[in-house]
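# Got a predicted model here, sequence first, then my questions.
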There are 2 protein chains.
Amino acid sequence: MSQHRPPGGPDRPAAVPALPDLPEATVARLPEYLRALHNLAETGHETVSSEGLASAAGVNSAKLRKDLSHLGSYGTRGVGYDLALLIEQIEYVLGLTQRRSVALVGVGNLGHALAGYDGFATRGFRIAALFDADPSRVGEEIGGLVVRHVDDLPRVAAEESIAIGVIATPAAAAQRVADQLVAAGVTSILNFAPCVLSVPDGVDVRKVDLAIELQILSFHEHRKASLTALPATGGSTLTALPGGLAVNDPQEATGT
Amino acid sequence: MSQHRPPGGPDRPAAVPALPDLPEATVARLPEYLRALHNLAETGHETVSSEGLASAAGVNSAKLRKDLSHLGSYGTRGVGYDLALLIEQIEYVLGLTQRRSVALVGVGNLGHALAGYDGFATRGFRIAALFDADPSRVGEEIGGLVVRHVDDLPRVAAEESIAIGVIATPAAAAQRVADQLVAAGVTSILNFAPCVLSVPDGVDVRKVDLAIELQILSFHEHRKASLTALPATGGSTLTALPGGLAVNDPQEATGT
DNA sequence: CGCGATTTGTGCGTGTCTTCACAAGCGCCT
DNA sequence: AGGCGCTTGTGAAGACACGCACAAATCGCG
């Protein structure tokens, strides 16, 4: 294996297609595949079919094959995918072959939890520095790291070659922190604050918002309830009417 | 307003289109609009244009108008949208007019932070119960709530009419908890555990995974670095070659 | 009362994502 | 060696989402 590369690069060092630009939707699924692959590897498998991996990752098998095909041809027809090879490939594409340093800004409620979360280290990330704007929190030690003042961000970011900034501050402080991160050369930000950040081109921001997730679930609850309640057209079907404030919703069919 | 409804329902109680089924992408954005609207309302605005709201929510104005048009015609041409009315509308559609009870399972590192997160209450959600499987944690009081054993879930879920379950357990326990939640009649689950859950039809699961977000950011970092490094085609462009283990990546253009 | 400025709501072209269905390739068994 | 079953990789079609650009509607002013 790993010798028979597609005829195209006559004297390329190896079959490295120099980062094919993947569809964004595919990129978002690769980490899930990766986790499923690690799980399978731990249970002793050597190879896995697209069907098997797809069900382990909770996606359609055709979608999985198309996703993986974007990385190149790393499966064997009639057999499946070699676990070790595929893991290596995905980790390479995701840039996990090198450990990236993460700076966490905001050591409050959520920040503490994130600082102690071991899911970072196990996936190739290293929390390299903690920051907070509150002087009373500066100096505190969390998981072997001392909380620094956010004003030290530029210097520390350079020293530790921070690649990713995580914002876990209140919304009011988030934009300022983002600006500081960008100024310090950070080009990837994970934002837990409930607000939109404006950053220059070339900087990637991903947002995680618990309240939004709950509200989306709430919508579906609402819809499910209205679907099981309305077909009956029983008596007062006026629920919460938007124009008029009035609310008359017995229970919205709470129980099954 | 609210009188001129489209001719169709001759004697409907009000202009309630009984939950139009919105595109999923729209639903995912409505909470963001809602937050922007609340912010604008607090700063004294009465109305807002699609352009203004769009920039506050970080989206294209045409997209915003199309999203809102799915809810009905709640804007006024030449003026904009009435803040109060629009807030009311979106909250209604999202099912936020009734407070939904949330059960949080897993009071570990992350669970503690979630239990103390005030973003829930401020958006119409009430954490009604805390659960954990670890007997040593049962009985602990967090934010005025006593941690119960997860085996009490069915009983408590019924008593408190839990609408949404939040799983903040280790991955190994998540599926079991999900099963218990489903058995208890919960049809919406927010999963923080790094694993895929299998649930019956009709149950909605949303997943939040910090490691995945970081890996997606890592991909973009990797890509950005390879874009600024490769065009030079300087000497050894063999980076981390997937097939052969070897790695030769000076710095991947870390600085700027 | 009419006109211009402004802003919504939407038809339409474009691009992306998903899914089906199947040819091509691989290994194994006879 | 040949055939058969299994699995990948992909062409094509459908579904969905996005953004432009403009007609329709509303306000304010002279």
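That came in fine, so what should we check first?

# Please tell me how far the residue in the stretch 101-250 of chain A that chain B sits nearest to sits from DNA strand D.
Closest residue of the stretch 101-250 of chain A to chain B, Cβ to the nearest Cβ: residue A:222 (2.7 Å). (Glycine included, C-beta is placed from N, CA and C.) Relative to DNA strand D, residue A:222 is positioned 18 Å away (Cβ to the nearest atom of the strand, to the nearest Å).

# contacting residues around that residue?
A:252, B:19, B:93, B:94, B:95 (Cβ atoms under 8 Å, 6 or more residues apart in numbering or on different chains).

# which element is it on?
Taking DSSP states H and E as the criterion, residue A:222 maps to helix A:210-229.

# centre of the chain versus that helix, how much separation?
When C-alpha coordinates are averaged (Cα atoms, centre = their mean, to the nearest Å), helix A:210-229 and its chain have centres 23 Å apart.

# got it, and stretch A:117-125?
Counting by Cα atoms, centre = their mean, stretch A:117-125 is centred 12 Å from the centre of its parent chain.

# what about it, how long is it end to end?
Distance across stretch A:117-125, first residue to last, is 11 Å (Cα to Cα, to the nearest Å).

# So the strand with the most length in chain A, near chain B or not?
Longest strand in chain A, counting residues (DSSP state E): strand A:125-132. Yes: Strand A:125-132 reaches chain B (Cβ under 8 Å from any Cβ of the partner chain) through residue A:125.

# which of the residues in that strand are buried?
For strand A:125-132, the neighbour count (16 or more other Cβ atoms under 10 Å in any protein chain shown) marks A:125, A:127, A:128, A:129, A:130, A:131, A:132 as buried.

# among the residues you listed, which two are most distant?
The span of the buried residues of strand A:125-132, defined through Cβ to Cβ, is set by A:125 and A:132 at 19.9 Å.

# follow-up on the earlier one: adding pLDDT and distance to residue B:32, write the buried residues of strand A:125-132 out as CSV.
Listed next are these as CSV, based on pLDDT from 0 to 100; distance: Cβ to Cβ, whole Å:
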residue, pLDDT, distance to residue B:32
A:125, 95, 27
A:127, 95, 28
A:128, 96, 31
A:129, 97, 30
A:130, 98, 28
A:131, 98, 26
A:132, 98, 26
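
# Closest one to residue A:177 out of the residues you listed, please.
Nearest member of the buried residues of strand A:125-132 to residue A:177, counting by Cβ to Cβ, is residue A:131, at 8.1 Å.

# Tell me who's in contact with that closest one.
So residue A:131 contacts A:103, A:104, A:105, A:106, A:107, A:147, A:148, A:149, A:150, A:152, A:153, A:156 (Cβ under 8 Å, 6+ apart).

# Give me the buried entries from these.
A:103, A:104, A:105, A:106, A:107, A:147, A:148, A:150, A:153, A:156.

# quick one: which of those residues sit in strands?
Reading strands off those with DSSP E, I get A:103, A:104, A:105, A:147, A:148.

# for the last one, what are its contacts?
In this case it means residue A:148. Per Cβ under 8 Å, 6+ apart, neighbours of residue A:148: A:129, A:130, A:131, A:132, A:138, A:156.

# Go through these and name the one nearest DNA strand D.
Relative to DNA strand D, the closest of the contacts of residue A:148 is residue A:131; by Cβ to the nearest atom of the strand it sits at 32.9 Å.

# Tell me where chain A has helices.
A:24-42, A:50-57, A:61-69, A:83-93, A:109-116, A:153-159, A:171-183, A:210-229 (DSSP state H).

# mean confidence score for the fifth one?
It refers to helix A:109-116. Helix A:109-116 comes out with an average pLDDT of 93.

# what's the offset of it from the middle of its chain?
17 Å.

# which other helices and strands contact it?
When contacts are defined as 3 or more Cβ pairs under 8 Å, 6 or more residues apart in numbering or on different chains; DSSP states H and E, helix A:109-116 packs onto strand A:100-105, strand A:125-132, strand A:141-142, helix B:109-116.

# In TSV: the ones you listed, plus distance to DNA strand C.
Formatted as TSV, the helices and strands packed on helix A:109-116 follow (distance: least, Cβ to the nearest atom of the strand, whole Å):
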stretch	distance to DNA strand C
strand A:100-105	23
strand A:125-132	24
strand A:141-142	37
helix B:109-116	27
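
# Point out the residues in chain A that sit beside DNA strand C.
Proximity of chain A to DNA strand C, by Cβ under 7 Å from any atom of the strand, involves residues A:23-26, A:59-60, A:62-63, A:65-66, A:76-79.

# Would you check which pair of those lies furthest apart?
The widest separation within those (Cβ to Cβ) is 31.6 Å, between A:24 and A:78.

# Of these two, give the one with the bigger neighbour count.
Legend: neighbour count by other Cβ atoms under 10 Å in any protein chain shown for residue A:24 and residue A:78, higher for residue A:24 (10 against 6).

# Now do the residue in the stretch 51-200 of chain A positioned nearest to chain B, the pLDDT please.
Chain B sits closest to residue A:95 of the stretch 51-200 of chain A, with a gap of 2.7 Å, by Cβ to the nearest Cβ. Looking at residue A:95, its pLDDT is 96.

# Neighbours of it, how many?
Residue A:95 has 24 nearby residues by other Cβ under 10 Å.
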